[in-house]
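Visitor: The following block contains a protein sequence and its predicted model.
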Amino acid sequence: MPTSPSTAPAWTKAAWFKPAVIAVGAVVVLGILVLLAKWLRSTEAVSSFIATYPGYASQPAGTPVGLPVWLNWSHFLNMFFIVLIIRSGLQVRYTTRPQGYWKRNNKGLIKTKGQPKKISLDLWFHLSLDALWVLNGLIYWILLFSTGQWKRVIPTSWDVFPHAVSVAIQYASLNWPLENGWTNYNALQLLFYFITSFIAAPLAILTGLRMSGAWPSKAPRLNKAYPIELARSVHFPVAIYFVAFVIVHVTLVLTTGVLRNLNHIFAANDGEGWLGFGFFAAAVVVIVAAWFLARPLFLRPIASLMGSVTRN
């Protein structure tokens, strides 16, 4: 029998209302920002400011030109791990009845001391991805500083800030700055690449480590100085930052000369051919396949190499 309007579940009437209000509010705010930025650019002062600071900060002498192949691989692995880390992290946060559990033992590939603790298969997958992501990051840092590529992603001049303001106004006005990432990232990109690599990533690692079973439980002074509640309050916002960064980053890659950008990121060249797009398409296929294969059916055999896997 059909449910009468007076007895219909509340979610059928109002569940869509809050998201709709948020979406409409976001569109209105974005519209106001665009109009404000366009008005600012029409003023003589801001127009002169943008002419003085077009968007590219000063670079130190010897800054390398172009992106090497190792950076292409590091970018792909980072993209691969980040997507799966976000997926598994959301599963850990919102799954109430895990479909499997993992417990360390000394019969697998990894032998350690201490009383093993049982964790969900989702958490095991999340922590394993974290370890691989950290390893990739350490290799990235080593190569970054040993090849001089750090000069492209670490601000070395105070003029990066007025240039970044200029770029923000240009983006907001929908009259975007000219892109030349092969030789020099714009100042706003530079700041966010620096924040992501050297602030957000270490925060994710330090807070994730505090929340993991690897953290020493019998260290009262250390745990008092760095309470787990603090780690939890920072870890999730950092994850949201990474999601937002990925969305904005991908949007700009696809809307500011997609073929050239993909060649930079995936094919280590500054051309406008389709090679980078081909590598990007292959990367997307691999990531989508991993997303759907990251299920207990396929995770259990891998997890069993490092411990015992049970259903409860």
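Guide: Sure, I can see it. If you're wondering where the values come from, they're calculated on a predicted model, not measured in any experiment.
Visitor: Which residue ranges of the stretch 1-150 of the chain form strands?
Guide: 101-104, 118-120 (DSSP state E, counting those that start in this stretch).
Visitor: Between those strands, which one is closest to Gln59.
Guide: Among the strands of the stretch 1-150 of the chain, the nearest to Gln59 by C-beta to C-beta is strand 118-120 (46.0 Å). (C-beta placed from N, C-alpha, C; glycine too.)
Visitor: tell me the mean pLDDT over that closest one?
Guide: Averaging pLDDT along strand 118-120 yields 85.
Visitor: Kindly report the same for stretch 301-312.
Guide: 85.
Visitor: Buried residues of that stretch, list them for me.
Guide: Of the residues in stretch 301-312, Ala303, Met306, Gly307, Val309 count as buried by neighbour count, 16 or more other C-beta atoms under 10 Å.
Visitor: what's the spacing between that stretch and its chain's center?
Guide: Taking C-alpha atoms, centre = their mean, to the nearest Å, the mean C-alpha location of stretch 301-312 is offset from the chain mean by 28 Å.
Visitor: Check the burial of Pro177 by counting its neighbours.
Guide: Close neighbours of Pro177, defined as other C-beta atoms under 10 Å, add up to 20.
Visitor: what residues are up against it?
Guide: Going by C-beta atoms under 8 Å, 6 or more residues apart in numbering, Pro177 touches Pro54, Gly55, Ser166, Val167, Gln170, Tyr171, Asn186.
Visitor: give me that answer again for 10 Å
Guide: 50, 54-56, 163, 166-167, 169-171, 186-189, 256 (C-beta atoms under 10 Å, 6 or more residues apart in numbering).
Visitor: what's the closest of the residues you listed to Lys118?
Guide: For those, the closest approach to Lys118 (C-beta to C-beta) belongs to Gln189, at 43.8 Å.
Visitor: Which residue, other than its chain neighbours, is closest to that closest one?
Guide: Excluding the flanking residues, the one nearest Gln189 by C-beta to C-beta, 6 or more residues apart in numbering is Gly181, at 7.3 Å.
Visitor: isn't that neighbour right up against Asn261?
Guide: Yes: under the criterion of C-beta atoms under 10 Å, Gly181 makes contact with Asn261 at 7.0 Å.
Visitor: Now for the two: what residues contact both?
Guide: Residues touching both Gly181 and Asn261 (C-beta under 10 Å, 6+ apart): Leu252, Val253.
Visitor: re the thing from before, quick one, which of the contacts of Pro177 are buried?
Guide: Among the contacts of Pro177, the ones that count as buried by 16+ other C-beta under 10 Å are 50, 55-56, 163, 166-167, 169-171, 186-189.
Visitor: what's the most distant pair in those residues?
Guide: Farthest apart among the buried ones among the contacts of Pro177 by C-beta to C-beta are Ile50 and Gln189. That separation is 16.7 Å.
Visitor: just to revisit the earlier point, number of residues surrounding the residue nearest to Gln189?
Guide: By other C-beta under 10 Å, 20 other residues sit near Gly181.
Visitor: quick check, it in a helix?
Guide: No: assigned with DSSP: H, G, I helix; E, B strand; the rest coil, Gly181 falls outside any helix and is coil.
Visitor: what about Ser233, how many neighbours?
Guide: Around Ser233 there are 11 residues (other C-beta under 10 Å).
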